[in-house]
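> Just a sequence and a predicted model for now, questions to come.
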Amino acid sequence: MISIGLRNALPQKNAPALFRNAFEAVYVPESHPLHTGNPLIDALPPVRSDEDWLRTLFGQPDFDPSQLEADAHTRSYFVANLKHFFYPFAVHAKLARRVDQFIRWGYGYRHPYSPERKAMLQKTYAEAQAAGVALPHQFSAVAPICSYSLIGGSGMGKSTSIERVLASYPQCIWHPDHHLTQVVWLKVDCPKNGDVLDLAASVVGAFDELLGTSSIPASNWRRYGEGYYRVKVKQFAVAHHLGLLVLDEMQNLCAKRSGGREVMLNWFQELVNDLKVPIILLGTYKATNVLQLDMRHARRAGIFGSERWDPLKPGAEFNAIVQALWRFQWLRRPGELTDEMRAVIYEETQGVRAFIVDMFLVAQLYALWKGDETLTPNVFRHVARTEFSAVQPMLSALRSGDPARIRKYDDLMPYQIDEHIEQLRRLMPVTQEEHVQLPTHASTMAEACAKVMSALSISETEAKQLVLRVMNGKAQSARALTRAACKLYYESVDKGDEVEENTDE
């Protein structure tokens, strides 16, 4: 297999000291069909088939039957690894193929030694001079004009999918023979306030973080204005040969501070036309009005296409992901995946990928905590309605099929799966056979002694002796201690015994 060699991260010989996150380029040989003579393309990983992409994107936790011998508390950590489960379908391979095509197409028009390089250098130089911004030392030539948008509700896997695809490429490559640095991709989330200035500054900040540069002032950074950051974005892109820019959470551009739909359209037209880098835009259904450009802007911005991801419908794909998940159970009585179970899972998740995985994970933790060690339709339904109550309005909107209701909740993911995991994990005993014995807090013991004294009209010393005898080294509430102490007292009275002194304090 021919691919870029992932040598040790920089510093490499003659490499700029700042670029610590880069890999040194290894090129496909001249005899290979993929060889183009363009170092920006020849340093990329090989072209993958759809089958290769599906294997690359698939993510599963490590599972071994011997792990079932561990206690419930230990197994809860294995269950938590289901967070990384990812089951790709044809749409994910299609997305990966489009990303790969965009990167290669873009670099195909930006050979670092092409005649167009001088024209780009001159234009960028003039803009930098006009804005009073320092000129970078490297430039590249013209790129193709193309962009693509992907729209879908929260939990559909848009961000996760694109991040898994991008992770298949080295983000930064150093070319020592050509003395240039190549940023293959950059992904930035649109700021929540939807401001174009903030978005441009976020892109500049992403370059700074990757390259180790410092382009944003530590304080009062907004005083430089929108124009400064737009120019910096363009300079970074051409100086470091940006291959693809991914902008996520585009529904935030619906915010008032973005300046309206027309201002946003002009901003993206500038990004695509002047930046000369392919762009992929991601957003929820609320971003439809923002990303659905009219024909005039579509022609001028070179829109390549758009796609919409909806929840899975009952059928082959939904059954495939549930079947794959079902194999990863750390329960000693996992149960059978029946048609009833599939129906309940669909009803409670409505085919939202994130809900399918997260509810399946939490349901296992719940079964471990209860000690039942099995998944049933009732367990899954109970977990969905109690542990995921925050998403019930969103699920109700999906069940209704009303587009207006769905858009109202589509960008809400009002829970953190890590919080659910930690909450249930704390409830589990460290071992399955016995509960952890913890010392009773002094205030709990004092509260129990006071209640025993009041209930039985006995001295403080006698009450303390009773409480100490019923504690038996186990952590209990003051109410439980009081009941046990009173029961012991009456049993002693019936037998004619006196309360024995307990000197083990």
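In hand now; what should we look at? Computed from a predicted structure; not experimentally measured.
> make it CA atoms for all contacts and neighbour counts henceforth
Fine.
> and residue 461, what element?
Assigned by DSSP states H and E, residue 461 falls within helix 460-471.
> Just checking the distance from the host helix or strand of residue 325 to the centre of its chain.
Residue 325 belongs to helix 316-326 when assigned by DSSP H and E. The chain centroid and the centroid of helix 316-326 are separated by 21 Å under C-alpha atoms, centre = their mean, to the nearest Å.
> Which neighbouring elements make contact with the helix holding residue 461?
helix 442-456, helix 478-495 (3 or more C-alpha pairs under 8 Å, 6 or more residues apart in numbering; DSSP states H and E).
> Buried residues, the helix holding residue 325. List them.
317, 318, 319, 321, 322, 325 (16 or more other C-alpha atoms under 10 Å).
> Do a quick rundown of the strands in the protein.
Remark: strands assigned in the chain by DSSP state E are 23-24, 147-152, 172-175, 180-183, 186-189, 245-248, 279-283, 303-309.
> circling back: now the helices and strands packed on helix 460-471 in JSON lines, with mean pLDDT, mean neighbour count and distance to residue 91?
Output for these, formatted as JSON lines (pLDDT from 0 to 100; neighbours: other C-alpha atoms under 10 Å; distance: least, C-alpha to C-alpha, whole Å):
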{"stretch": "helix 442-456", "mean pLDDT": "74", "mean neighbour count": "17", "distance to residue 91": "58"}
{"stretch": "helix 478-495", "mean pLDDT": "76", "mean neighbour count": "17", "distance to residue 91": "57"}
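> which stretch among the ones you listed comes nearest residue 87?
When the helices and strands packed on helix 460-471 are compared by C-alpha to C-alpha, helix 478-495 sits nearest residue 87, at 48.5 Å.
> Packing partners of that closest one?
helix 442-456, helix 460-471.
> Tabulate the ones you listed (a markdown table), appending distance to residue 249.
Shown next, in a markdown table, are the helices and strands packed on helix 478-495 (distance: least, C-alpha to C-alpha, whole Å):
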| stretch | distance to residue 249 |
| --- | --- |
| helix 442-456 | 49 |
| helix 460-471 | 55 |
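> Relative to residue 483, which of those is closest?
helix 442-456 (8.4 Å).
> what's the burial count for residue 198?
19 (other C-alpha atoms under 10 Å).
> same question, residue 123
11.
> got it, and residue 378?
11.
> Need the pLDDT of it.
You'll see residue 378 listed with a pLDDT of 94.
> do the same with residue 55
Taking residue 55 on its own, its pLDDT is 94.
> next one: residue 71
On pLDDT, residue 71 comes in at 91.
> Tell me how far it lies from residue 326.
Using C-alpha to C-alpha, to the nearest Å, residue 71 is found at 20 Å from residue 326.
> Adding distance to residue 29, write the helices and strands packed on helix 460-471 out as a markdown table.
As requested, the helices and strands packed on helix 460-471 are exported to a markdown table (distance: least, C-alpha to C-alpha, whole Å):
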| stretch | distance to residue 29 |
| --- | --- |
| helix 442-456 | 74 |
| helix 478-495 | 76 |
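> Can you check which of those gets nearest to residue 463?
Closest among the helices and strands packed on helix 460-471, using C-alpha to C-alpha: helix 442-456, at 5.4 Å.
> Output the contacting helices and strands for the helix holding residue 325.
helix 353-370.
> please redo it, this time with the cut-off set to 6 Å
Applying 3 or more C-alpha pairs under 6 Å, 6 or more residues apart in numbering; DSSP states H and E, one finds that helix 316-326 contacts no other helix or strand.
> can you tell me how far residue 468 sits from residue 174?
For residue 468, the distance to residue 174 - C-alpha to C-alpha - is 70 Å.
> between these two, who's got more neighbours?
More neighbours surround residue 174 than the other of residue 468 and residue 174, with 28 against 19 (other C-alpha under 10 Å).
> so the more buried one touches residue 21, yeah?
No. The pair residue 174 / residue 21 is not scored as a contact, 9.4 Å apart, by C-alpha atoms under 6 Å.
> need the helix or strand of this protein with the lowest average pLDDT.
None of the helices or strands of the chain scores lower by mean pLDDT, DSSP states H and E than helix 295-301, at a mean of 46.
> what ranges do the helices span in the stretch 51-200 of the chain?
With DSSP state H, counting those that start in this stretch as the criterion, the stretch 51-200 of the chain has helices at 72-80, 90-108, 116-131, 158-166, 196-211.
> Report how many residues lie close to the closest residue in space to residue 244 that isn't next to it in sequence.
Distances taken as C-alpha to C-alpha, 6 or more residues apart in numbering place residue 185 nearest to residue 244, at 4.6 Å, with adjacent residues excluded. Per other C-alpha under 10 Å, the neighbour tally for residue 185 reads 21.
> Use 455 as the first number from now on
Fine by me, first position is 455 from now on; the one you just mentioned is residue 639.
> What distance do you get for the residue most central in space within the chain to residue 935?
Taking C-alpha atoms, centre = their mean, the centroid of the chain lies closest to residue 614, which sits 5.9 Å from it. Using C-alpha to C-alpha, we find residue 614 at a distance of 51 Å from residue 935.
> wait, isn't residue 606 in contact with residue 740?
No. Under the criterion of C-alpha under 6 Å, residue 606 makes no contact with residue 740, lying 9.0 Å away.
> rewinding a little: out of the helices and strands packed on helix 914-925, which gets nearest to residue 577?
Nearest to residue 577, of the helices and strands packed on helix 914-925 and by C-alpha to C-alpha, is helix 896-910 at 75.0 Å.
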